[in-house]
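K.L.:
after the sequence you'll find the predicted model.
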Amino acid sequence: MTHEPVTAYELVDSLRPLLLAEAAAEAPGAGADPGDLEQAVWLRLLERLDGGGPPSDPPGWLRRAVRAEARRSRRAARRESGPAGEPADDGRHDPERLALAAAHRRALRDAVRRLPGRCPELMAALLSPRDPTYREIAGELGISQGSLGPERSRCLGCLRRLLTREVAAH
């Protein structure tokens, strides 16, 4: 059985309902407009079609692309606002604040490395700038996706106790 190649129009037309649903579902959590997510994903699809052809699994590709655009939108929103949602400081950086933030990041990384069991790997995956999904993290660590939540809670509890002791000691 031979399949005729799908035109770009047919691919876009067939994916439109799925994209509308996925963008509507992801947008609120990303603090984004569904239309902006849709537009970004259409652009990614057109770039892909121009550069090498359609994805082998269009619906799966589309779901991943929407999640990636939502993560990108969340990161952009975090960069544009400071603590507690306050506006950023116009791009001017206070050296003291930068030094303190770097020290806090180092202290957190050091504490994460001292956690028991598989917690260091799990926390490193959760803190990764790649912003992986639970499915990706579970695959990397070789554990079930359903056990990630309880494992994460246990590791965060250990981290909280470790940091509380260190803060009290200082």
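P.N.:
Structure received. Numbers count the residues shown, from 1 in each chain.
K.L.:
before we move on, which element is the closest residue to residue 133 other than its chain neighbours in?
P.N.:
The shortest distance from residue 133 to any residue other than its chain neighbours is 6.6 Å, reached at residue 67 (CB to CB, 6 or more residues apart in numbering). For the C-beta atoms, the positions are set from N, CA and C on the backbone; glycine is no exception. Assessed by DSSP states H and E, residue 67 sits inside helix 58-80.
K.L.:
got the buried residues for that helix?
P.N.:
Neighbour-count burial for helix 58-80 flags 58, 61-71, 73-74 (criterion: 16 or more other CB atoms under 10 Å).
K.L.:
dump the residue contacts of the spatially closest residue to residue 143 that is not a sequence neighbour.
P.N.:
Among residues not flanking residue 143 along the chain, residue 151 sits closest, at 7.1 Å (CB to CB, 6+ apart). Contacts here follow CB atoms under 8 Å, 6 or more residues apart in numbering; on that basis residue 151 touches 118, 119, 122, 143.
K.L.:
how near is residue 151 to residue 32?
P.N.:
29 Å (CB to CB, to the nearest Å).
K.L.:
highest neighbour count among the contacts of residue 151?
P.N.:
residue 122 (23 neighbours; other CB atoms under 10 Å).
K.L.:
so that one sits against residue 156, correct?
P.N.:
No: using CB atoms under 8 Å, residue 122 is not in contact with residue 156, being 9.7 Å away.
K.L.:
tell me the SS of the most centrally placed residue in the chain?
P.N.:
In the chain, the C-alpha nearest the mean C-alpha coordinate belongs to residue 131, at 3.1 Å (CA atoms, centre = their mean). Assigned with DSSP: H, G, I helix; E, B strand; the rest coil, residue 131 falls in the coil class.
K.L.:
that one: what's it in contact with?
P.N.:
71, 75.
K.L.:
average model confidence for the helix or strand containing residue 102?
P.N.:
Residue 102 is part of helix 95-113 when elements are defined by DSSP H and E. Across helix 95-113, the average pLDDT comes to 83.
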